[in-house]
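J.: I need the structure of the sequence given here:
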Amino acid sequence: GSLYVISDIDTQMEMITFQKAVNGKYVEHEYTGGTCFYNKYGDMMPISGLEAGQVVMFEANKTTDALTKVQISADAWEKDDVESYTLDMDKNMLTMGGSNYEITDNTQFFSDDGEIMGSDIEAGDKIRVNGLDKKVLAVTVTTGHGELTLTNTDTFDGGFVGIYGKKRYYYEISDYMTIEIPEGDYTVTFTNNGYGGSTDITIERGDSVSLDLESLKSEEPQSCLISFTATVPDTMVLIDGEEVDITQPVEIIYGTHSLQAAATGYNAWNKQLVVNS
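T.: Residues are numbered from 1 along each chain as shown. Sure, this is the predicted structure:
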């Protein structure tokens with residue numbers, strides 16, 4: 001199959017943007033709970049194991065265009081935690097380990113904040129390099145990472161955790177799950193079946209933070225009011241399959257809901273709605 005570089009992973013919209021390695025063309029596909037992710041050895045892994053800059057192959061459903069499978073390529077190479085290197089943007093060359101690698105017009109550069117310019121990389125930055133043969137496909141400035149572990153998740157299994165920092169991450173909650181995230185300060189919110197909770201954490205390089213969700217959850221099931229604005233006349237809005245009256249605020253309990261909107265002459269729209277405040 002064709003090789004692609006992961007350009008962006010949007011965990012809120014559940015969308016991955018890929019750049020084709022041979023011609024630099026961008027494509028994007030939705031992922032779902034049914035999408036399977038694999039490392040280069042063919043072992044299944046969570047989506048948190050995927051990062052911008054990695055080289056993958058993917059398969060998508062012919063009808064819905066949603067991803068069915070994403071696997072890190074075994075043909076491409078990855079060099080992690082590279083500290084000794086020379087990046088010469090004038091000569092389009094990256095030198096490391098005594099070898100020269102070509103920077104092309106399609107080479108992408110990343111940091112934890114997203115895409116950057118090659119010229120933004122400063123001497124002393126630790127980098128991860130992904131490439132194929134002698135070509136560099138992606139260079140990522142890597143800060144340290146730490147881990148967040150969720151325990152006592154029973155009330156929240158199947159619900160969602162949101163991790164808000166410089167970037168936002170959303171994951172479906174499962175028992176004793178561990179998520180790798182870049183070092184930094186975050187607000188963590190979690191919600192399911194009317195219950196919710198929120199707390200601030202600091203992730204430090206190489207450290208693990210553990211949150212006991214049962215001790216952090218709200219005492220009583222909670223709800224909030226949401227106002228909807230529709231600019232298209234006769235828009236029909238359904239929450240969890242039930243039509244709601246959008247001329248007034250709608251009361252919705254904490255948790256994960258399906259949100260659908262439909263109007264004559266427009267494609268129906270279907271998203272996950274996470275309510276936690």
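J.: List the residues that contact the residue nearest to residue 155 when sequence neighbours are not counted.
T.: Once flanking residues are discounted, residue 155 sits nearest to residue 195: 5.4 Å by C-beta to C-beta, 6 or more residues apart in numbering. Glycine gets a C-beta too; all of them are placed from N, C-alpha and C. Residue 195 makes contacts with 155-156, 217-218, 221-222, 254-255, as judged by C-beta atoms under 8 Å, 6 or more residues apart in numbering.
J.: Mind picking the two most distant members of those?
T.: With distance counted by C-beta to C-beta, no two of the contacts of residue 195 lie farther apart than 156 and 222, which are 13.5 Å apart.
J.: Where do the helices of this protein begin and end?
T.: Remark: helices assigned in the chain by DSSP state H are 213-216.
J.: what's the single longest strand in it?
T.: Using DSSP state E, we find that the single longest strand of the chain is strand 99-111.
J.: so what strands line up beside that strand?
T.: Taking DSSP bridges as the criterion, strand 99-111 sits next to strand 93-96 (antiparallel), strand 114-116 (antiparallel), strand 135-141 (parallel) in its sheet.
J.: most packed of those strands?
T.: strand 135-141 (a mean of 22; mean count of other C-beta atoms under 10 Å).
J.: circling back to that earlier point, to the chain's geometric centre, what's the distance from the longest strand of the chain?
T.: From the chain centre to the centre of strand 99-111 is a distance of 23 Å (C-alpha atoms, centre = their mean, to the nearest Å).
J.: hang on, the earlier thing: least confident of the contacts of residue 195?
T.: The member of the contacts of residue 195 with the lowest pLDDT is residue 218, at 84.
J.: isn't that one right up against residue 198?
T.: No - counting by C-beta atoms under 8 Å, residue 198 is not a contact partner of residue 218; they are 9.4 Å apart.
J.: on that earlier part again, so between residue 156 and residue 222, which is more surrounded?
T.: Taking neighbours as other C-beta atoms under 10 Å, residue 156 and residue 222 compare with residue 156 leading, 26 against 17.
J.: so who does that one touch?
T.: Applying C-beta under 8 Å, 6+ apart to residue 156 gives the contacts 150, 173, 190-192, 195, 213, 217.
J.: Now, the residues you listed that are in strands?
T.: Among the contacts of residue 156, the members falling in strands are 150, 190-192, 195 (criterion: DSSP E).
J.: Any chance of those residues in TSV with distance to residue 265 and pLDDT as columns?
T.: Rendered in TSV, the data for those read as follows (distance: C-beta to C-beta, whole Å; pLDDT from 0 to 100):
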residue	distance to residue 265	pLDDT
150	44	95
190	39	91
191	35	89
192	36	90
195	40	91
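J.: Next, give me the two most distant ones among those residues.
T.: 150 and 195 (13.9 Å).
J.: List the buried residues in stretch 50-65.
T.: Residues 50-58, 60 are the ones in stretch 50-65 that count as buried (16 or more other C-beta atoms under 10 Å).
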